[in-house]
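> Structure, please.
(2 chains)
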Amino acid sequence: MSLLTTPFTAMSAISLATLTAGFTVSLHSYLYLSAVLFVVGFLGVVLRKNTLVIYMCLELMLVASTVALVAFSRFNGVLDGNVFVFFILTVAAAEVAVGLAIIVALFRRRQTVQVEELNALKN
Amino acid sequence: MSDILFHLFAIFTVACALGVVFNKNAVASALCLLLSLVGVAGLFVLLDAFLLAVLLVLVYAGAVVALFLFIIMLLDMQGGDRKRFTKATLVSSTVAGGLLLTGLISFATRGLKGTTILADVPVVGNSLRAYAEQLFTVYLLPVQIVGFLLLIAMLGVIVLSKKFEGLEDVK
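Residues are numbered from 1 along each chain as shown, chains lettered A, B, ... in the order given. Here you go, the predicted model:
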C-alpha cells in the first residue's frame, strides 16, 4: 500500500503547485509530470520480475524524459529539444527490437523470462 | 481550456503508467503502456509538437507495443505463482523511488527562476519545414549516425534470432 501512495502524494504535489501558481500550466507542471512518470517507470523496473514488463517500464522512463525535453523546447522557443526527441524515438525503436530479440533468445535457452530464475552469473 | 486538458492528460498518463507497473497480466500491462503513450501524445499536442505526437503514436503505439504484444503471445508465459515481495524489497524500492522523486522535483523547482507564460513564447515546433531544416543542416551527422544505428540494430536482430545449425559453439 505504501508503494501506491508515493505517486499519489506526488500527484497532489502537482495540483498544489499549480494551485499556488494560479492555475496556469507552467514549465514546472510539465517537469513535475515528467518526474512522476519517470519514478513510476523506475518503480516498475525495480519491482517487477517479468523481463518484458521491466522492458516496458524502461520505455516509460524514456518517454518521461521526452516530455521534459519537449516542454523545455516549447517554453524556450527553440526546436533543439524536439529534434532530440526525434532521435530518442529512433534509438528507442532500435533498442526495443534488439532487446526483444535478446529476450526471445534467452527464452529459447532457459525457458523462462522471470528475473529471479535468471541467476546463472550468481556465485 | 488547455490547462484543464493538461490536467486531464497528466492524470490519465500517470494512471495508465501505474497500470503498467501494477498489472499482473503482461498483456494488460502492454495495453496500459499504449494508453499512457496516447496520453503523452496528447501532451505533445498541447505543447504544439504535432509531428512528435504523430510519431509517438506511430512508432511507439504502432510498432513498439505491437512488438511487445507479439512477443508476449509468442512466449506464452504462465503467470503462475508470483512470489510475494520481501519487506526489504518493498522498503528499499519505496525509499529509492521517493528519493528519486524528491530529487527530481526539487531540481525542477529550484533550478528554474521565474515562470514563463506560454503565450509569450513563439511557436516554432509546429511546421514540418522547421524540423527538416534542423535535421538536414545542424543535425546532419546525427541523422547519418542514427541511420547506421538502425542498420546495425537490424543486422543484430537477424543474427540474434536466427538459429545456427552445425555451429555448436554459437548455439
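
> What segments of chain B are helices?
Assigned helices in chain B, in chain order: B:2-22, B:26-46, B:50-55, B:65-75, B:87-111, B:128-133, B:140-161 (criterion: DSSP state H).

> Mind putting those helices into TSV with mean neighbour count?
From N, CA and C alone the C-beta is placed, and that goes for glycine too. Output for those, formatted as TSV (neighbours: other Cβ atoms under 10 Å in any protein chain shown):
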stretch	mean neighbour count
helix B:2-22	19
helix B:26-46	22
helix B:50-55	18
helix B:65-75	17
helix B:87-111	14
helix B:128-133	12
helix B:140-161	13
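
> Can you report how many residues neighbour B:N126?
Counted with other Cβ atoms under 10 Å in any protein chain shown, residues neighbouring B:N126 total 15.

> Model confidence score at the residue lying closest to it once chain neighbours are set aside, please.
With Cβ to Cβ, 6 or more residues apart in numbering or on different chains as the criterion, B:N126 has its nearest non-adjacent residue at 4.9 Å, and that residue is B:D48. B:D48 is assigned 89 on the pLDDT scale.

> doesn't B:V121 make contact with B:D48?
No. Counting by Cβ atoms under 8 Å, B:D48 does not reach B:V121; the two are 9.7 Å apart.

> Comparing the two, which residue is more hemmed in?
Between B:D48 and B:V121, counting by other Cβ under 10 Å, B:D48 is the more crowded of the two (18 against 14).

> If you count neighbours, what's buried in the lengthiest helix in chain A?
Secondary structure of chain A per DSSP H: the longest helix is helix A:80-110. For helix A:80-110, burial by neighbour count (16 or more other Cβ atoms under 10 Å in any protein chain shown) applies to A:81-90, A:92-104, A:106-107.

> can you list the domains in chain B?
B:2-138, B:139-171 (automatic domain parsing).

> Which ones, among the buried residues of helix A:80-110, also lie beside chain B?
Among the buried residues of helix A:80-110, the residues that sit close to chain B (Cβ under 8 Å from any Cβ of the partner chain) are A:82-83, A:85-87, A:89-90, A:92-98, A:100-104, A:107.
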